[in-house]
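Participant: Quick one: sequence and predicted model below, then my questions.
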Protein chains: 2
Amino acid sequence: MKDEITIIGTPISPYVRKVLAILDMKGIPFRCIPQIPFTGDEAFTKISPLRRIPVLQIGDFTVPDSSVIAQYLEEKFPEVNVYPQDPEARARARWFEEYADDHIGRNVVYNLFFQRRVRPAVLKQETDEALVDKAINHELPKVLGYLEVEVPAEGFICGDFCVADIALGAMMRNAFWSDWTLDGAQWPGVAAYLGRVYAHPAMARLNTLAESMLGTSPKEHQAMVDAHFAA
Amino acid sequence: MKDEITIIGTPISPYVRKVLAILDMKGIPFRCIPQIPFTGDEAFTKISPLRRIPVLQIGDFTVPDSSVIAQYLEEKFPEVNVYPQDPEARARARWFEEYADDHIGRNVVYNLFFQRRVRPAVLKQETDEALVDKAINHELPKVLGYLEVEVPAEGFICGDFCVADIALGAMMRNAFWSDWTLDGAQWPGVAAYLGRVYAHPAMARLNTLAESMLGTSPKEHQAMVDAHFAA
């Protein structure tokens, strides 16, 4: 179909799940190609110069970067909103989205998930324990200390469930998949908040999919993704 | 004044200049406090958890991150647009903004400007020549190769002059301030494009200000900034 939406990127990535959760909430049909980041041929480099995921493709139009895609989907399909309507709340949501994707991402995706899951299992390399230690014992405690102040006692971080919750929840999930545990005694607000975020149907469905893919061969991923989204 | 706009951050930073250029184009009065990044007290950490710049302050509302601020200003002051109106062009502009701020930024701000200008002159530390070499001989040639394909023969990268040009131009300017030269024979399209970007009055005015501040004591910066924006 000319205007079929394709998301290129594996749902194991929190950046890809962010975009897939938005499409799910907006009720927009799409196809997902579970590309692994930093791989791919010259055609992939052409649409994603840094070989990152996700990439959005609609007809001839392609654009990379989860935040750019999220904002584009919000503007193209405004019937269901994933960004707050009030300008100050929207700016605050974009800040948490950026904080999750960039700062938490550097620690969770690169220093935890990549080191503990990807290097030993996929690349047959040793985990760099210094990076893991830095993430777990230095950076994540600061992140959690900040979020503990920011998350509300009930509900979501900018009012209604929105892109900020999707980004924070998706990113922290990859920490849980890296043999990391959240100390609920030290950060009870964050623990309860993430529980509420993961109970959202869009998040729950994607976590189920990604967890079923973890530890399986990439060769099986297209069929798993297709079966999940056809269901 | 209750709704006076304050931008916290030194104009020597390309991220700060991006936001100041947008305010200039929109004709919005503002105050600038030339804060140095990664410094400041607990009050600054409260409004900028990563101690980054710029931070926007309007009355009681504060938000960090140049892209979040840029988008907020676009929505609050829509009379003059700095993002394209067509959704696909707008997504493309946001992609270049992100590419400049994140990927080029890592190389230019951290591996070039910080190493060559800040470490020896401000911190009295040695330049890490390996990082400089990586930026100049490995990463920036890839960036320039990509941009050479993307920039048009005339005009700007997404049609009218927009946030993408501001972000790319501001970022590359800090490379020029780090004893780096652009090989115009190898990348004639980028060289001509940056020339057009720097000829824009908003960019020219800010470059003049920042260049006058380089090499001067931070103690003088508030007076220099005030004098510049009062003129």
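Facilitator: Noted; the coordinates are in hand.
Participant: Can you name every helix or strand that the helix or strand of chain A at the bottom of the mean pLDDT ranking contacts?
Facilitator: Taking mean pLDDT, DSSP states H and E as the measure, the helix or strand of chain A with the lowest value is helix A:42-47, at a mean of 89. In terms of contacts (3 or more C-beta pairs under 8 Å, 6 or more residues apart in numbering or on different chains; DSSP states H and E), helix A:42-47 is packed against strand A:55-58. C-beta: built from backbone N, CA, C; applies to glycine.
Participant: again, only this time at 10 Å
Facilitator: Using 3 or more C-beta pairs under 10 Å, 6 or more residues apart in numbering or on different chains; DSSP states H and E as the contact test, the elements touching helix A:42-47 are strand A:55-58, strand A:61-64.
Participant: what stretches of chain A score poorly on pLDDT?
Facilitator: Filtered on pLDDT under 70, chain A yields the residue ranges A:1-2.
Participant: and it, what are its domains?
Facilitator: According to automatic domain parsing, chain A comprises the domains A:5-82+A:211-230, A:87-199.
Participant: Might you quantify the distance of the last one from its chain's geometric centre?
Facilitator: What that stands for is domain A:87-199. Once both centres are worked out by C-alpha atoms, centre = their mean, to the nearest Å, domain A:87-199 turns out to sit 10 Å from its chain's centre.
Participant: could you check whether it is close to chain B?
Facilitator: Yes - Domain A:87-199 reaches chain B (C-beta under 10 Å from any C-beta of the partner chain) through A:87-88, A:90-99, A:101-103, A:142-143, A:145-147, A:149-150.
Participant: And those residues, which of them are buried?
Facilitator: The neighbour count (16 or more other C-beta atoms under 10 Å in any protein chain shown) marks A:88, A:90-99, A:101-103, A:143, A:146-147, A:150 as buried among the residues of domain A:87-199 next to chain B.
Participant: hmm, back to that, comparing the helices and strands packed on helix A:42-47, which comes out most buried?
Facilitator: Of all the helices and strands packed on helix A:42-47, strand A:55-58 carries the top mean neighbour count, a mean of 21, counting by mean count of other C-beta atoms under 10 Å in any protein chain shown.
Participant: helices or strands next to that one in the packing?
Facilitator: Packing partners of strand A:55-58 (3+ C-beta pairs under 10 Å, 6+ apart): strand A:5-8, helix A:14-26, strand A:31-33, helix A:42-47, strand A:61-64, helix A:66-76.
Participant: Mind jotting down where the helices sit in chain A?
Facilitator: Assigned by DSSP state H, the helices in chain A fall at A:14-26, A:42-47, A:66-76, A:87-98, A:105, A:129-134, A:140-150, A:163-176, A:188-198, A:201-213, A:218-230.
Participant: just the CA coordinates of stretch A:153-166, formatted as CSV?
Facilitator: What follows is stretch A:153-166, C-alpha atoms only, in CSV (Å, rounded to 0.1, in the frame of the first residue of the first chain):
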residue,chain,number,x,y,z
ALA,A,153,2.0,9.9,44.1
GLU,A,154,-0.7,8.9,41.7
GLY,A,155,-1.1,9.0,38.0
PHE,A,156,1.5,10.0,35.5
ILE,A,157,4.4,12.4,35.3
CYS,A,158,2.7,15.2,33.2
GLY,A,159,-0.9,14.5,34.1
ASP,A,160,-2.5,12.1,31.6
PHE,A,161,-0.5,9.2,30.4
CYS,A,162,1.8,10.6,27.6
VAL,A,163,5.0,10.3,25.7
ALA,A,164,7.1,11.1,28.8
ASP,A,165,5.7,8.0,30.6
ILE,A,166,6.2,5.9,27.5
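Participant: State the distance from the closest residue to A:Asp160 other than its chain neighbours to A:Phe161.
Facilitator: Take A:Asp160 and drop its neighbours on the chain: the residue closest to it by C-beta to C-beta, 6 or more residues apart in numbering or on different chains is A:Pro84, 7.0 Å away. Per C-beta to C-beta, to the nearest Å, A:Pro84 is found 10 Å from A:Phe161.
Participant: Now for A:Phe96: which residues touch it?
Facilitator: By C-beta atoms under 10 Å, 6 or more residues apart in numbering or on different chains, the contact list for A:Phe96 reads A:104, A:147, A:150-151, A:157-158, A:162-168, B:68.
Participant: tally of neighbours for the residue nearest to A:Asp160?
Facilitator: 20 (other C-beta atoms under 10 Å in any protein chain shown).
Participant: And for A:Glu129?
Facilitator: Using other C-beta under 10 Å, A:Glu129 has 10 neighbouring residues.
Participant: who's in contact with the closest residue to it other than its chain neighbours?
Facilitator: Spatial nearest neighbour of A:Glu129, chain neighbours left out: A:Gln115 (7.9 Å); criterion: C-beta to C-beta, 6+ apart. Contact analysis of A:Gln115 by C-beta under 10 Å, 6+ apart lists A:Val109, A:Gln125, A:Glu126, A:Thr127, A:Asp128, A:Glu129, A:Ala130, A:Leu131, A:Val132, A:Ala135, A:Ser178.
Participant: Repeat that for A:Pro64.
Facilitator: A:8-9, A:15, A:47-56, B:91, B:95, B:98-99.
Participant: before we move on, what about A:Gly215?
Facilitator: A:Arg117, A:Ala121, A:Trp177.
Participant: Which of these are buried, as a PyMOL select command?
Facilitator: In PyMOL, this line selects whichever of these come out buried by 16+ other C-beta under 10 Å:
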select buried, chain A and resi 117+177
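Participant: for stretch A:6-22, which positions count as buried?
Facilitator: A:7-22.
Participant: Straight-line length of that stretch, end to end?
Facilitator: The straight-line separation of the ends of stretch A:6-22 (C-alpha to C-alpha, to the nearest Å) is 13 Å.
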